[in-house]
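Engineer: Fold the following for me, if possible:
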Amino acid sequence: MHILLVEDNQGMRKMLERTLSKEGYSVQCAASAEEALEMLASKLFSAVITDLKLPGKDGLAVLNAAKSADPRTIVIIITAFGSIETAVRAMKEGADDFITKPFDIGLLLLQLSRAIEQTRLRNENVLLRETFASKLSAPRIIGRSDKFNDVIRQAEQVGPMDATVLLMGESGTGKELVAQAIHHLSNRKQAPFVAINCAAIPGTLLENELFGHERGAYTGADSRKLGKLELADQGTIFLDEVGDMEPMLQAKLLRFLQERQFERVGGNKTIHVNIRVIAATNRDLHAEVRTGKFREDLFYRISVFPIQIPPLRDRPDDIPVLVDYFLDRFGREFGKGPFKLTSKAKELLRSYGWPGNVRELQNCMERAAILTPDAIIRPEHIAVHSIRDYEPFDLSEIHLEGALHTVVERSRRLVERRMIRTALERNGWNKTLAAKELGINYKTLLTKIKELNIE
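Structural biologist: I've put the predicted structure just below:
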């Protein structure tokens, strides 16, 4: 945490600097208000501790400059006993606290700690409002298969560390839940966990969401907005579908990961944050690097500790457990149940490939819980599409000439093109429904339609 200490008395200044530094704060000093104003104009500080009486301009000028630079900046005023009225005025103008001379250094540290905690709570309130607004939930991680237990063991190993983690797996496999588990296993669990979907937000808007903007940065920017990186300070930022990030933004993200600092859009002041980064992707980033779609240096920066999350079809032992969990949950929500599945319904669930993974299974169970009139779930209540529903193609269409990765890429494009086109035709070219059936998000579907030239 960066603190600006403004004190004209050299002895007092050095004593406070030593004390604050021993507490782990990064301290910069100014001997006058004018010097402090220059520093505030070029750099953002988390907190400012300033004497009220200074040569030239007083501490109120420092207070106003600090709050103008960033309203979240903590400002503590040091004042003599005879200046209490002025200190009260400073509180009305936005100071977070004041302390009178002579004072116990322990009291100053306590006031600073309380102000930091209040700032953290304000940031968390912003996040909570966004969470409630989007009606997000945090369901439990459910699974008992050996493959899924391997994922949990890896999460337990890396959780207490501060290493950057890359979660790889298909859409719907539960990457965000694993990211939340890693966060709660870390020393940052009391700080915010902030998630952002890089595929769901266009590039220019994504930059704004990540880094925030200053007032007047663009038309409609009527006030300063804090980005997700600032809101995640001391906590964890989860960059979902990072493989969909545009090249320009990849470069900015790389710079941030290297330096842990950035500027808001339309701003020129450097903002420092201390956060852990967890990224996730449903893409093959090795292939994306080879084709130049993803920066190699960024790939190595985010994949310090990679974890591969298996698709649901590769861990069938988890299906009955997940089914029981979802049916119990929806039974309580809908006031129905307890639910029972017929043997044919169980067989259908076991034999289906679940291209949408756990998310598709959850949606399927919710629909079944709604449709059944007597709490007995039969095959007709389970809306799944067999792989046989997709238009077959002749394997002779796959040309086996060339390097292995070339043949694999050619085959992947052929399969994707056929499945996407079939899903679009089946859903009357409704892209939202087709994306849901295919188990991918809407933005990914649009990208693939363009990439594969599907008309």
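Engineer: hey, let's count contacts and neighbours off CA atoms from now on
Structural biologist: Fine.
Engineer: so how far is residue 210 from the residue nearest the centre of the chain?
Structural biologist: The structure's the chain has its C-alpha centroid closest to residue 195; by C-alpha atoms, centre = their mean the separation is 2.3 Å. Applying C-alpha to C-alpha, to the nearest Å, one obtains 10 Å for the distance of residue 195 from residue 210.
Engineer: for residue 166, same thing?
Structural biologist: When C-alpha to C-alpha is applied, the distance between residue 166 and residue 210 equals 18 Å.
Engineer: More neighbours: which of the two?
Structural biologist: Set residue 166 next to residue 210 and count neighbours by other C-alpha atoms under 10 Å: residue 166 wins out with 27 against 22.
Engineer: The helix or strand hosting the more buried one pairs with which strands, and in what direction?
Structural biologist: Secondary-structure assignment from DSSP states H and E places residue 166 in strand 165-168. Partner strands and pairing direction for strand 165-168 (DSSP bridges) are strand 276-281 (parallel), strand 305-308 (parallel).
Engineer: need the next SSE after it, C-terminal direction.
Structural biologist: helix 175-184.
Engineer: Check residue 104 and give its pLDDT.
Structural biologist: Looking at residue 104, its pLDDT is 82.
Engineer: partner residues bridging the residue nearest to the centre of the chain?
Structural biologist: As for beta bridges, residue 195 partners with residue 238 under DSSP bridges.
Engineer: show me the contacts for residue 267.
Structural biologist: With C-alpha atoms under 8 Å, 6 or more residues apart in numbering as the criterion, the residues that contact residue 267 are 213-214, 217.
Engineer: Turn these into a markdown table, including secondary structure and distance to residue 450.
Structural biologist: Listed next are the contacts of residue 267 as a markdown table, based on DSSP: H, G, I helix; E, B strand; the rest coil; distance: C-alpha to C-alpha, whole Å:
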| residue | secondary structure | distance to residue 450 |
| --- | --- | --- |
| 213 | strand | 31 |
| 214 | coil | 34 |
| 217 | coil | 32 |
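Engineer: number of nearby residues for residue 441?
Structural biologist: Residues near residue 441, counting by other C-alpha under 10 Å, number 19.
Engineer: One more: the one 4 residues further on?
Structural biologist: Neighbour count for residue 445, taken as other C-alpha under 10 Å: 19.
Engineer: Against which helices or strands is whichever strand or helix holds residue 349 packed?
Structural biologist: Here residue 349, judged by DSSP H and E, is contained in helix 343-351. Packed against helix 343-351, as judged by 3 or more C-alpha pairs under 8 Å, 6 or more residues apart in numbering; DSSP states H and E, are no other helices or strands.
Engineer: Let's test this: mean pLDDT of it, rounded?
Structural biologist: 88.
Engineer: mind listing what's buried in it?
Structural biologist: In terms of neighbour count (16 or more other C-alpha atoms under 10 Å), helix 343-351 has its buried residues at 345-346, 348-349.
Engineer: Work out the gap between it and the centre of the chain.
Structural biologist: The chain centroid and the centroid of helix 343-351 are separated by 36 Å under C-alpha atoms, centre = their mean, to the nearest Å.
Engineer: tell me what the helix or strand that that helix is followed by is packed against?
Structural biologist: Per DSSP H and E, helix 343-351 leads on to helix 357-371 as the next helix or strand towards the C-terminus. Taking 3+ C-alpha pairs under 8 Å, 6+ apart as the contact definition, the neighbouring helices and strands of helix 357-371 are helix 318-334.
Engineer: which residues touch the helix it packs on?
Structural biologist: Where contact means C-alpha under 8 Å, 6+ apart, the residues beyond helix 318-334 that reach it are 142-145, 312, 336-339, 349-350, 361-362, 365-366, 369-370.
Engineer: May I see the buried residues of that helix?
Structural biologist: Residues of helix 318-334 classed as buried under the neighbour-count rule (16+ other C-alpha under 10 Å) are 318-319, 322-323, 325-331.
Engineer: Repeat that for stretch 76-89.
Structural biologist: Taking 16+ other C-alpha under 10 Å as the neighbour-count basis, stretch 76-89 is seen to contain the buried residues 76-80, 87.
Engineer: same check, this time on stretch 415-433
Structural biologist: For stretch 415-433, the buried set under the neighbour-count rule, 16+ other C-alpha under 10 Å, comprises 417-424, 431-433.
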